[in-house]
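**Q** mind looking at a prediction? Sequence and model below.
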Amino acid sequence: MSVDKTEILDLVGLKCPLPALYARRALERAVPGTSLTVVSDDPLAAVDLPHMCHREGYVVLKSERQGPLLRMTLQRPV
């Protein structure tokens, strides 16, 4: 069964550790296979989000900078 669902979580304006905490909460509630694109302007999110994913068993699919914004796509494994 393939689940092709991507949600966007806008966390602009929130500072460490809130982006990682909110992303973890969203992934915990998501259906397995769901992708979550997190948008953040917190400089530490580039470190905190991959660390949280590694610790919790989630996958970082993509990470890109767009000026001051970080767009990181995370996935809850099937």
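**A** Yep, that arrived.
**Q** when you work out contacts or count neighbours from here on, use the C-alpha atoms and nothing else.
**A** Will do.
**Q** name the helices or strands packed onto the worst-scoring helix or strand of the chain on mean pLDDT?
**A** Every helix and strand of the chain was ranked by mean pLDDT, DSSP states H and E. The lowest is strand 6-10, at a mean of 91. Packing partners of strand 6-10 (3 or more C-alpha pairs under 8 Å, 6 or more residues apart in numbering; DSSP states H and E): strand 35-40.
**Q** quick one: strands adjacent to the strand it packs on?
**A** Paired neighbours of strand 35-40 in the sheet (DSSP bridges): strand 6-10 (parallel), strand 69-75 (antiparallel).
**Q** single out the most deeply packed of those.
**A** Of all the strands paired with strand 35-40, strand 69-75 carries the top mean neighbour count, a mean of 21, counting by mean count of other C-alpha atoms under 10 Å.
**Q** neighbouring contacts of that one?
**A** Identification of contacts with strand 69-75 by C-alpha atoms under 8 Å, 6 or more residues apart in numbering yields 12, 27, 33-42, 45-46, 53, 58-65.
**Q** just how off-centre is it within its chain?
**A** Chain-centre distance of strand 69-75: 5 Å, with C-alpha atoms, centre = their mean, to the nearest Å.
**Q** same question for stretch 65-78.
**A** How far stretch 65-78 lies from its chain's middle: 5 Å, per C-alpha atoms, centre = their mean.
**Q** same question for stretch 51-63.
**A** Worked out by C-alpha atoms, centre = their mean, stretch 51-63 lies 8 Å from the chain centre.
**Q** which parts of that stretch are buried?
**A** Buried residues in stretch 51-63, counted by 16 or more other C-alpha atoms under 10 Å: M52, C53, Y58, V59, V60.
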